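Colleague: sequence and predicted structure, then a few things I'm wondering about:
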Amino acid sequence: MPRTAVISALFMSTMLTAPNAGMAQSSAEIIEKLEANAEGNHDFVQYYRQLVQQVQRDRGDSLLRSTLQNVLNLSPSGEISPEVIARQRQIETANARGNQIGRILAYDLDGNGEISQEERAVHQGRNAVNVEVLFAQGDTDDNGMISLPEILAYAATQVDTTRRGSRYNHLMLFDLNDDGVVRIDEITASIGALQDGDPALPQPMHQSAVSNTVRCDAPEPPDKSEVVVLSAYEGAALSTVSIAGMDDETHVADIVIEDGDTPFYLFLAAYSNMIWNISGDIDRLDTVVVQRSGQSEDNGAGVIGIPSEKVHFVSRNSCIKPIHSIEGGEGIIAYRQVARGLGQDPDHMLAHYTVGTISLPSGEGSKEDGEGTDIIIYNGQRYTLGPDGPKIIDESEGQGSGDRPFGVGQVYRDLLRFSPGGIRHLDADNVVSPGDAQDYDVLPQQAGLLQLLLEEKIRYTPDGFYLISEPIARFPAGLAGAHSVKFMLAEGVPMPGGSPGHSSVYSAETGECVSGFRCR
């Protein structure tokens with residue numbers, strides 16, 4: 001195919017100052033480099049296919065012009081780097097966030113920056129559905145009104161959830177000398193090489209392959225064992241032991257192995273940081289494979305009740321993307337992923353959003369109600385969870401079972417609303433995990449608020465604040481979204497460690513917001 005390098009003066013003027021990165025290479029060498037750059041990257045493979053197809057249609061000249069025009073629109077210097085692309089992504093994200101805010105404010109009929117119950121009720125059809133979703137997800141303080149800070153926060157999360165990579169990411173395919181910068185001469189050399197050479201059309205990468213780029217290194221199931229797969233979003237209980245550090249919550253789910261003669265191979269995956277507490281006829285288990293949580297790069301998974309030599313941990317999302325329902329397309333994709341990773345189809349595949357206690361392999365089970373769970377030490381005494389809230393186990397002179405700090409009952413009800421299994425007291429030494437298992441100094445989410453109330457380090461005020469009256473090691477982990485609250489930092493008390501998540505932190509001395517995702 002003849003090369004017709006037609007470049008306008010606009011582009012030539014930019015090339016005069018660019019380092020001669022790719023021109024010394026032969027066409028075959030440049031094509032080989034482009035193929036190497038594209039390998040394993042879905043966006044790059046798709047873009048490289050488009051380049052080859054356009055060149056094969058003898059559209060190389062128009063391709064060169066349009067590509068260089070895009071480069072100069074993005075960067076007047078004609079140099080593209082990840083930093084330049086990141087800046088453009090910030091611009092695109094800000095525009096998307098502004099569009100989201102504008103759409104939400106369309107429901108604010110009186111223009112006061114808030115959406116009231118009256119405004120909520122007047123909308124119909126699709127707008128009514130959108131408003132209901134907004135209140136369900138955006139009314140984080142549950143006061144029945146969407147405030148301007150909640151509008152801004154909701155819009156930000158929607159952009160974070162829906163945005164894709166910048167449409168300019170694929171330009172880094174042309175980085176022929178691996179210096180992290182793409183220049184005009186690298187682009188012209190690349191497109192010229194495609195015109196001169198005979199590039200092969202790469203096969204497209206499917207998204208399922210992209211999500212599984214980390215190899216599933218689960219051991220092969222034994223021939224006579226049934227394969228049981230259980231996937232979940234979270235556990236019904238919160239753990240007193242962390243497998244993901246002090247600033248992330250850890251859940252607990254109970255698995256009871258049913259009596260039987262058939263051995264089976266158990267594969268477990270969860271999105272949340274999860275400790276799987278396994279009991280029952282554990283002699284039936286040949287191997288327990290645990291995939292690290294979708295929240296954690298290094299750990300996020302643990303097992304109790306199984307000898308460590310039977311447990312094998314695999315990287316997150318390497319064998320399956322955790323699901324909480326086997327219905328629909330996600331269930332089909334997950335089934336195929338795990339079948340490919342294990343080398344055979346599962347005999348039983350189960351998926352639940354929240355796992356309390358589940359029997360395997362039948363899949364029967366339920367959430368726990370939390371009663372009878374040991375909880376917190378308060379003034380040297382243990383509390384247990386009952387239907388009316390924490391009850392003291394060992395009463396002492398001058399202190400009855402009804403003596404509890406204000407707000408304990410409300411926080412306890414919130415705890416069981418989010419975590420119906422309550423708080424599970426575990427021994428860190430019994431947890432088999434690829435990383436460190438350690439006791440929380442402050443428990444996560446509403447369990448931590450309950451702990452700090454019982455220890456009288458924080459007080460719940462009638463106007464809905466948690467007053468931090470004594471120094472505490474850190475904020476409870478996981479105070480995001482519906483778990484978020486309002487803190488007030490007493491005068492002279494240092495800022496706790498960790499992160500308040502989406503919670504607000506005010507200064508009692510000045511009344512000003514001193515930290516937090518937003519103050520409301």
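Modeller: Everything's here; your move.
Colleague: could you check how far stretch 306-313 is from the centre of its chain?
Modeller: How far stretch 306-313 lies from its chain's middle: 26 Å, per CA atoms, centre = their mean, to the nearest Å.
Colleague: right, I mislabeled it, should have said stretch 234-250
Modeller: 15 Å.
Colleague: so where do the strands sit in the stretch 401-520 of the chain?
Modeller: Ranges of strands in the stretch 401-520 of the chain, per DSSP state E, counting those that start in this stretch, are 423-424, 438-439, 458-460, 466-468, 486-489, 504-507, 513-516.
Colleague: can you give me the buried ones in the fourth one?
Modeller: Spelled out, that is strand 466-468. Residues 466-468 are the ones in strand 466-468 that count as buried (16 or more other CB atoms under 10 Å). Yep, even glycine has a C-beta here, placed from its N, CA and C like the rest.
Colleague: ok, now stretch 337-351?
Modeller: For stretch 337-351, by 16+ other CB under 10 Å, it's 337-342, 346, 349-351.
Colleague: contact partners for Ser81?
Modeller: 180-182 (CB atoms under 8 Å, 6 or more residues apart in numbering).
Colleague: what segments of this structure are helices?
Modeller: 9-15, 27-38, 42-56, 60-74, 82-105, 117-121, 125-138, 148-162, 184-196, 207-210, 328-342, 408-418, 445-454 (DSSP state H).
Colleague: just name the most buried of those.
Modeller: Highest mean neighbour count of these: helix 445-454, a mean of 26 (counted as mean count of other CB atoms under 10 Å).
Colleague: can you pull the contacts of Glu83?
Modeller: So Glu83 contacts nothing (CB under 8 Å, 6+ apart).
Colleague: for Leu173, that is, sorry about that
Modeller: 34, 37-38, 44, 47-48, 190.
Colleague: spatially, which two of the buried residues of stretch 337-351 are the most separated?
Modeller: Spanning the widest gap among the buried residues of stretch 337-351 are Arg340 and Leu350, at 18.7 Å by CB to CB.
Colleague: any chance you could map the strands in the stretch 251-400 of the chain?
Modeller: 251-257, 264-270, 274-280, 285-291, 301-304, 311-314, 348-355, 357-360, 365-366, 374-378, 381-386, 389-392.
Colleague: and the third one, what does it pack onto?
Modeller: Right, the one you point to is strand 274-280. strand 226-235, strand 251-257, strand 285-291, strand 301-304 (3 or more CB pairs under 8 Å, 6 or more residues apart in numbering; DSSP states H and E).
Colleague: relative to Val493, which of those is closest?
Modeller: strand 251-257 (30.4 Å).
Colleague: my guess is Thr188 meets Arg65, correct?
Modeller: No: between Thr188 and Arg65 there is no contact under CB atoms under 8 Å: 10.7 Å.
Colleague: columns mean pLDDT, distance to Val493 and mean neighbour count on top of the helices and strands packed on strand 274-280, output as JSON lines?
Modeller: Shown next, in JSON lines, are the helices and strands packed on strand 274-280 (pLDDT from 0 to 100; distance: least, CB to CB, whole Å; neighbours: other CB atoms under 10 Å):
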{"stretch": "strand 226-235", "mean pLDDT": "93", "distance to Val493": "32", "mean neighbour count": "23"}
{"stretch": "strand 251-257", "mean pLDDT": "95", "distance to Val493": "30", "mean neighbour count": "25"}
{"stretch": "strand 285-291", "mean pLDDT": "94", "distance to Val493": "40", "mean neighbour count": "23"}
{"stretch": "strand 301-304", "mean pLDDT": "96", "distance to Val493": "34", "mean neighbour count": "26"}
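Colleague: I'd like these as CSV, with distance to Val241 appended.
Modeller: Shown next, in CSV, are these (distance: least, CB to CB, whole Å):
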stretch, distance to Val241
strand 226-235, 13
strand 251-257, 9
strand 285-291, 16
strand 301-304, 8
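Colleague: and these: which comes nearest Phe174?
Modeller: strand 285-291 (36.3 Å).
Colleague: what angle do the closest one and strand 274-280 make?
Modeller: Angle between the axes of strand 285-291 and strand 274-280 is 170 degrees (criterion: axes from the mean of the first three to the mean of the last three CA atoms, to 10 degrees).
Colleague: quick one: strands adjacent to strand 285-291?
Modeller: Note on strand 285-291: by DSSP bridges, its sheet partners are strand 264-270 (parallel), strand 311-314 (parallel).
Colleague: hey, which of the ones you listed is tucked in deepest?
Modeller: The most buried one of those (mean count of other CB under 10 Å) is strand 264-270, showing a mean of 26.
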